[in-house]
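1. how would this look folded up:
(2 chains)
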2 protein chains.
Amino acid sequence: MKEFEVIKEFFTAQPVNRKDVAMGIGDDCALIRASDSKYIAITTDTLVCGVHFPTDTPARAIGHKAVAVNLSDLAAMGAEPAWISVAVTLPTVDREWLAEFTAGIFELTEYFNVQLIGGDTTSGPLSITITAQGTVPQGKALCRNGAGNGDWVYVTGEIGEAGLALQALREQVSLSPREMQHAMDALNYPKPQVLAGQVVREYASAAIDISDGLLADLTHLCQASTLGISLDVNDLPIAPVLLNKLGEEGAARLALTAGDDYQLIFTVPDTNKVALETELKQANIKSSCIGQMNKSQEIIISRGETRLSFAESGFEHFS
Amino acid sequence: MKEFEVIKEFFTAQPVNRKDVAMGIGDDCALIRASDSKYIAITTDTLVCGVHFPTDTPARAIGHKAVAVNLSDLAAMGAEPAWISVAVTLPTVDREWLAEFTAGIFELTEYFNVQLIGGDTTSGPLSITITAQGTVPQGKALCRNGAGNGDWVYVTGEIGEAGLALQALREQVSLSPREMQHAMDALNYPKPQVLAGQVVREYASAAIDISDGLLADLTHLCQASTLGISLDVNDLPIAPVLLNKLGEEGAARLALTAGDDYQLIFTVPDTNKVALETELKQANIKSSCIGQMNKSQEIIISRGETRLSFAESGFEHFS
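-> Down below sits the predicted model:
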C-alpha cells in the first residue's frame, strides 16, 4: 500500500466542514482563510533517519533540508514563508550535533525571514517533523488542479543532480571528488524556490514542487487537473554533469525519475507566457519550458520527433 | 541535559524579528497575528512509541491522545481549536491499526469541529507529531507569564488517575479490573479542557495545562510570572481512587508529580473570583481553588496549618 493510498483511504475520510478551510488534504499545502484578503498556507514534512537521509548525513544538512523541503511546498503554492515549528526526536542529546542542526535551520529561516515559533524535543529514533506556514493573497494560491488544456509547462533551475548523488552513494556511478561534493550539496542543501513561487503566482495556473521526481510530480499535477502532458526530453534542464556521466538517455531517465530536486513545476496559459518569461528573467530565475498540457490524461514523452515509451527499465522507442 | 535546557540553549537562539509573532517559543502555544482582531495559536507535540505511550497501547488511544495533548495546549491559551496536521511514522502499513488510529483522531476532531488539513505519512519507528491550531481574540490569550501577586490558583477536574495507571502498569500498585479500566481510560483518553479554556480566558490572568505534573507545571507558571505559590494539599482535587489506594500522603504525592492529567491550571485576580466561579458552575466545569500566588518565587506546600517539605522521596514535615 503506497503513501497516497494510505492518505486517501484513512486520512481524507473526514469531510471538510469548516468554511475557513479553502484547501484541505491533497495539495502541496492546506489553505486556511486567515482574513478577508489572505490565506495561510500550511505544510508538514517528516524526515526519518535512514529513510529520507543517510545515517551519516551532517547535522547541518539535516536541519537545512528539513526546513527546505517544507519551504519548497510553500513555494509551490506561491506562498511567502513566515513561521515554522520544529519537532525533533533525538536518540541522545549531543550538543555539537544540536548546534550544527539548528545552524542548518537558522541559515534558511534568517534568509527567508521565517520565525521559529515552537515545536517539541523528544527522545527516540532520530526524526524531524517540521510544519511551515506562510501567507498568500486570496486568489493567487497555486494549486495542482488549476492547469488548463494548452497551458505551457515549465520547470525552474536544473534537475537530476540530487539523484546523481544518491546513485554515487549507492556506487552505481563514479564521480570525481569535486563532482561528488557538488552533487552532495544538491542533495543535502536544496534551495527552495520561494522567490520563483511568488513571481510565478501572478501568471501561472497550477504548480507543484519536485519532491518525488519530475515524472511522478507531473503525474500528480495531471491527475489533479484531469489533463495530460506532452514533453520533449530535449527541453529538460538536465544538470550537465548527468549528461557527462550517464549519456543522453541515462541522464534523461534519471532527471525524469530522481526526487529531491525541489525545483518547481508550473503551468502557464498561452496569454501569460511572454509576460511570465520576462518577469522570471528580470528576477534572474532560470526556467525551462518543457512541454504543454493536453487532454490525453497521459504523459507523452518525446525526443524531438521521436516518441519514447518510458518504463522503470528506461526508454523504449516505439516501433 | 533536560528538554527545557535544550530548547533554551539551541532553539531560542534566533531573536523574534517578525512583528506578526505575538508569542514565540516558551508558552503552551505560539501566537501569530492573523488579522486585526484575532491570533492564531499554534502548538506541536510528538508522541514516540515506548517513550510517551507503552508499546501495547491501542491504536485508537494513540490517535486520541496525540490529538488531545495538542488540544490541551490550545485550551491552556484559551484558544478555540480549528485545524490539525498529523505526521505519522509507521513501521508497517497495517490497515486495522490505521483504521483504529484515525478513528481515535476523528472522534476528537469531530467533537471539537476541528479539521484535519494535512500531514505526512512516512516509514520508520512508530511516532506521531501533531500540529494543532486555533483562534483566540487578541487580548484574551492566556499566557504563563500573566499571573499577579495575590491571584487565586485553580485547577480543573480531578488529578492523579493517569499517574495511578502508570504505577499500576509498573506493578507499583494493585488495582481491581474495574479501577484499572477507569485509570487506563484516564491515561489513554484524556479530555482536553477546551471549553474551560474559553470560559476562563474572560477572567483569568494566566494558564497552563498539566502535562508534566501539577508541581512541575506550577513551577513553569511561577517562573514565567516571577512569583511563587502557596498551596494546600487538602484543596487538591485528587481522584478518590488515589486516596483509597495510596492513603492521604501517597495520594497527594502522586497528584503533585504525575503528568498526563491534561487538566488546566489558571490564576484569577481576586476581583474576578466570584464571576469566574459562577461562570464555571453554569458551564458545568468542575474546578478547585488550590492556593494563591505570592512574591516568594517558591512553591510553598501545606496541609492545613502544617507546612510540608516536598522532595522526590515524598513529604517531610518541617521540624
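2. what does the one helix or strand A:Tyr154 maps to rub up against?
-> Secondary structure assignment for A:Tyr154, by DSSP states H and E: strand A:152-156. If you take CB atoms under 8 Å, 6 or more residues apart in numbering or on different chains as the criterion, strand A:152-156 is touched by A:193, A:196, A:210, A:214, A:218, A:229, A:231, A:236-237, A:263-270, A:273, A:276, A:285-293. From N, CA and C alone the C-beta is placed, and that goes for glycine too.
3. could you pull out the strands for the stretch 201-319 of chain A?
-> A:206-209, A:228-232, A:264-268, A:287-294, A:299-303, A:306-311, A:314-317 (DSSP state E, counting those that start in this stretch).
4. So among the contacts of strand A:152-156, which ones count as buried?
-> Among the contacts of strand A:152-156, those classed as buried by 16 or more other CB atoms under 10 Å in any protein chain shown are A:193, A:196, A:210, A:214, A:218, A:229, A:231, A:236-237, A:263-269, A:276, A:285, A:287-293.
5. Kindly state the domain boundaries assigned to chain A.
-> With domains defined by automatic domain parsing, chain A comprises A:3-137, A:144-313.
6. most neighbours per residue, which of the ones you listed?
-> Most buried of the domains of chain A, by mean neighbour count (mean count of other CB atoms under 10 Å in any protein chain shown): domain A:3-137, with a mean of 21.
7. From the opening residue of that one to its closing one, how far?
-> One end of domain A:3-137 to the other measures 31 Å (CA to CA, to the nearest Å).
8. on that earlier part again, nearest to chain B, out of the strands of the stretch 201-319 of chain A?
-> Of all these, strand A:206-209 sits nearest to chain B, with 14.2 Å by CB to the nearest CB.
9. What average pLDDT does the closest one get?
-> Taken as a whole, strand A:206-209 carries a mean pLDDT of 97.
10. what about it and chain B, touching?
-> No. Interface with chain B: strand A:206-209 contributes nothing (CB under 8 Å from any CB of the partner chain), its closest point being 14.2 Å away.
11. Each with direction, which strands does that strand pair with?
-> strand A:264-268 (antiparallel) (DSSP bridges).
12. Find the residue closest to whatever residue of the stretch 151-300 of chain A ends up closest to chain B in space, skipping its chain neighbours.
-> With CB to the nearest CB as the measure, A:Ser211 is the residue of the stretch 151-300 of chain A nearest to chain B, at 11.0 Å. In space, and not counting its chain neighbours, A:Ser211 is closest to A:Gly259: 5.7 Å by CB to CB, 6 or more residues apart in numbering or on different chains.
13. Show the contacting residues for that neighbour.
-> If you count contacts by CB under 8 Å, 6+ apart, then A:Gly259 has A:162-163, A:210-213, A:216 around it.
14. CA atoms only for stretch A:170-183 - export them in CSV, please.
-> C-alpha atoms of stretch A:170-183 as CSV (Å, rounded to 0.1, in the frame of the first residue of the first chain):
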residue,chain,number,x,y,z
ARG,A,170,25.0,3.5,-3.9
GLU,A,171,28.1,3.2,-6.0
GLN,A,172,26.1,3.0,-9.2
VAL,A,173,28.1,5.8,-10.7
SER,A,174,31.6,7.1,-10.0
LEU,A,175,32.2,10.8,-9.5
SER,A,176,35.3,12.9,-9.1
PRO,A,177,35.7,14.3,-5.5
ARG,A,178,34.7,17.7,-6.9
GLU,A,179,31.7,16.4,-8.7
MET,A,180,30.7,14.4,-5.6
GLN,A,181,30.9,17.5,-3.4
HIS,A,182,28.7,19.4,-5.8
ALA,A,183,26.2,16.6,-6.1
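15. Please compute how far it lies from its chain's middle.
-> Distance of stretch A:170-183 from the chain centroid (CA atoms, centre = their mean, to the nearest Å) equals 23 Å.
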